[in-house]
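Asker: I'd like to go over a predicted model; first the sequence, then the structure.
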Amino acid sequence: MGQPANKTAVEQTTNGFRKFGMKDKIGYMFGDWGNDFFFILVAAFLMVFYTDVFHINPAAVGGLFFLARLWDAVADVTWGRFIDTRKAGKNGKFKPWIFRMSFPLVISGVLMFVHIPGMSDGFYLAYAYVTYIIWGTLYSTVNIPYGSMASVITGDPVERTALSSWRTLGGNLAGLIINVVGPMILFVNNRPDANRFILAALLFGGLALACYMACYKLSVERIVMDETNKPQMNFGQTMKGLVNNRPLIWFLIASLLFLVIFMLIGAVNVYLFKDYFGNAKALSMVGLLQSIAVFVGMPFVKPLVAKFGKKEVASGGLLLAAIVYGALYFLPNLTATQFIGILTVGMLGYGLFNLVIWAFVTDVIDYHEYLTGLREDGTVYSIYSMARKVGQAVAGGVGGAAIAAVGYNSNLKAQTADTLQGIHTIGTLVPAIGIGVVFLIIVFCYPLNKKRTAQLAADLAEKRKGKH
């Protein structure tokens, strides 16, 4: 964002704000840690809760996920525009909304996992629709201000990359806890247990609230727009800027497809290990190694990005992941342990992409300002978040439909051989193809390589100076 001498966007290090530092990184990390306690719990285990506890047909679950996420996409953009019309207060423009909305968000998350025994199939389906849609809507009210906040914590591109890495670390810490501890809590005799699910929801809900409060206390919004000189918001001008923002459009397409694949992997892995390998608890090892892969990659991200660029590092990681998933498809007779060992290499690959993805967002926000002269962090971030929600919608719909299509039946003690083979294909070949396509999009279509990103920062600084 702004430079210290810029009167429109001033990084206030002398007006009561401390300089950007470790507190901001840790505070921002806590925000996504809080978000992902429920987001990952929902992504990894809500589908099996609905199919095996509520006994809802997998295709019906997919339909619910699809419709709810499309609604959330609308909620994201609506909330982003609302946030951009608010003035910053003494605690900033975005942080107060994290504080206000985190409490109802967590309560709604717990309610999703309440199981009332003996009710009709129609009741369980209706209950799932109501609680899931309420949770998704409230998630927007916390996640949009949280994601938008990165571009006002610091204006330095390298520091923003650090924030992206710390955000990913927060999400992976949540993933480490949920994916490792979750299967140990949630499954009894290789079957999901309703009482264990509500226990986990209460536990993770309490931890999420603590993380949100830490984010609120430790992070500082130090870049403040001068509202007196701020251009009036013009929806037409905003839309024109978004349509002409080529980096944003290709990044949205790549992110949407990646999220579809990433969430499909998470949903199908439960059935892959529970049914194909007959060992649901092995999911704990997958979760542990997935987090370790990110922890291993994290120290290398900043020097790698500084040397090669965000686009270059992200595409390299994607290529590695695509190759590994392709290899796993052609090795159907592996044991669970062998499968996990090879999979770890792939997780390191897409972990690199996840570590820099949020820094891509701040670049496309900058490009929007370069095109339009408008600094609309909330709106642009909400467009990105909307694309993620559409990705989640597609993943939920495709995941449920795919599990149903291969013949999964929650009432059977053991699935048929054809069903098991279908689950294996969905968990290996489909990710290989999908991640490969994302790799091609980033390499050949996304225009902001290292050189052009540096030029954008310089051009934007000049444009800002020219206003004064």
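Answerer: Good, I have the coordinates.

Asker: Longest helix of this structure, counting residues only.
Answerer: Using DSSP state H, we find that the single longest helix of the chain is helix 336-372.

Asker: average pLDDT across it?
Answerer: On average, the pLDDT along helix 336-372 is 85.

Asker: Ok, stretch 426-443 next?
Answerer: Stretch 426-443 comes out at a mean pLDDT of 94.

Asker: Show me which positions of that stretch end up buried.
Answerer: 426-428, 430-432, 434-439, 441-443 (16 or more other CB atoms under 10 Å). Glycine gets a C-beta too; all of them are placed from N, C-alpha and C.

Asker: Stretch 120-139 too?
Answerer: Quick answer for stretch 120-139 (16+ other CB under 10 Å): 124-125, 127-128, 131-139.

Asker: Tell me the helices and strands packed up against the helix or strand just after the longest helix of the chain.
Answerer: Sequence order places helix 377-405 as the next helix or strand after helix 336-372, per DSSP states H and E. Applying 3 or more CB pairs under 8 Å, 6 or more residues apart in numbering; DSSP states H and E, one finds that helix 377-405 contacts helix 47-52, helix 58-84, helix 121-153, helix 235-243, helix 246-271, helix 336-372, helix 417-444.

Asker: G391: which of those is closest?
Answerer: helix 246-271 (3.5 Å; CB to CB).

Asker: returning to what we had before: how about the longest helix of the chain, which residues are buried there?
Answerer: Those would be 336, 339-340, 343-344, 346-372, for helix 336-372 by 16+ other CB under 10 Å.

Asker: One more: stretch 215-226?
Answerer: 215-216, 218-225.

Asker: Out of those, which two sit at the greatest distance?
Answerer: Top of the distance list for the buried residues of stretch 215-226 (CB to CB): L218 and M225, 22.6 Å.

Asker: hmm, back to that, pick the one among the buried residues of stretch 215-226 closest to K281.
Answerer: Using CB to CB, these come closest to K281 at C215, 32.0 Å.

Asker: Against S102, how distant is the closest one?
Answerer: 9 Å (CB to CB, to the nearest Å).

Asker: ok, Y408 touching V270?
Answerer: No. Judged on CB atoms under 8 Å, Y408 makes no contact with V270 at a distance of 11.0 Å.

Asker: out of the two, which sits in the more crowded spot?
Answerer: Neighbour comparison, Y408 and V270: the larger count goes to V270, with 25 against 22 (by other CB atoms under 10 Å).

Asker: what's the closest non-adjacent residue to the more buried one?
Answerer: Distance criterion CB to CB, 6 or more residues apart in numbering; nearest residue to V270, sequence neighbours excluded, is V48 at 4.9 Å.

Asker: That neighbour reaches R191, doesn't it?
Answerer: No. With contact taken as CB under 8 Å, V48 and R191 are classed as non-touching, separated by 9.6 Å.

Asker: Looking at N15 now. What's its pLDDT?
Answerer: 48.

Asker: what's the answer for K465, then?
Answerer: Value for K465, per-residue pLDDT: 69.

Asker: any low-confidence regions in the stretch 101-250 of the chain?
Answerer: Residues of the stretch 101-250 of the chain meeting the criterion pLDDT under 70: 157, 224-237.

Asker: do the same with the stretch 251-400 of the chain
Answerer: 375, 377, 396.

Asker: Could you give the number of residues near G287?
Answerer: 24.

Asker: nearest spatial neighbour of it, skipping sequence neighbours?
Answerer: N179 (2.1 Å).

Asker: I'd say the one you found and M285 touch.
Answerer: No. At 9.2 Å, N179 does not count as touching M285 under the criterion of CB under 8 Å.

Asker: just to revisit the earlier point, any shared contact partners between C215 and S102?
Answerer: Taking CB atoms under 8 Å, 6 or more residues apart in numbering as the contact rule, C215 and S102 both touch G34.

Asker: CA atoms of stretch 210-228 as PDB?
Answerer: Extracted in PDB, the C-alpha atoms of stretch 210-228 (Å, rounded to 0.1, in the frame of the first residue of the first chain):
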ATOM      1  CA  ALA A 210      -9.300 -17.700  22.100                       C
ATOM      2  CA  CYS A 211      -7.500 -17.400  18.800                       C
ATOM      3  CA  TYR A 212      -9.800 -14.600  17.500                       C
ATOM      4  CA  MET A 213      -9.200 -12.600  20.700                       C
ATOM      5  CA  ALA A 214      -5.400 -13.000  20.300                       C
ATOM      6  CA  CYS A 215      -5.600 -11.800  16.700                       C
ATOM      7  CA  TYR A 216      -7.600  -8.700  17.800                       C
ATOM      8  CA  LYS A 217      -5.100  -7.900  20.600                       C
ATOM      9  CA  LEU A 218      -1.800  -8.500  18.800                       C
ATOM     10  CA  SER A 219      -2.300  -7.100  15.300                       C
ATOM     11  CA  VAL A 220      -2.300  -3.400  14.300                       C
ATOM     12  CA  GLU A 221      -3.900  -1.700  11.400                       C
ATOM     13  CA  ARG A 222      -1.400   1.000  10.700                       C
ATOM     14  CA  ILE A 223      -2.200   2.100   7.200                       C
ATOM     15  CA  VAL A 224      -5.200   4.400   7.300                       C
ATOM     16  CA  MET A 225      -6.800   6.000   4.300                       C
ATOM     17  CA  ASP A 226      -7.400   9.800   4.500                       C
ATOM     18  CA  GLU A 227     -11.200   9.800   4.200                       C
ATOM     19  CA  THR A 228     -11.300  13.500   3.300                       C
END
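
Asker: which one of the buried residues of stretch 426-443 is nearest G89?
Answerer: I442 (38.1 Å).

Asker: What residues does the closest one make contact with?
Answerer: By CB under 8 Å, 6+ apart, the neighbours of I442 are 250, 254, 311, 314-315, 318.

Asker: Mind picking the two most distant members of those residues?
Answerer: W250 and L318 (13.9 Å).

Asker: Right, I'll leave it there.
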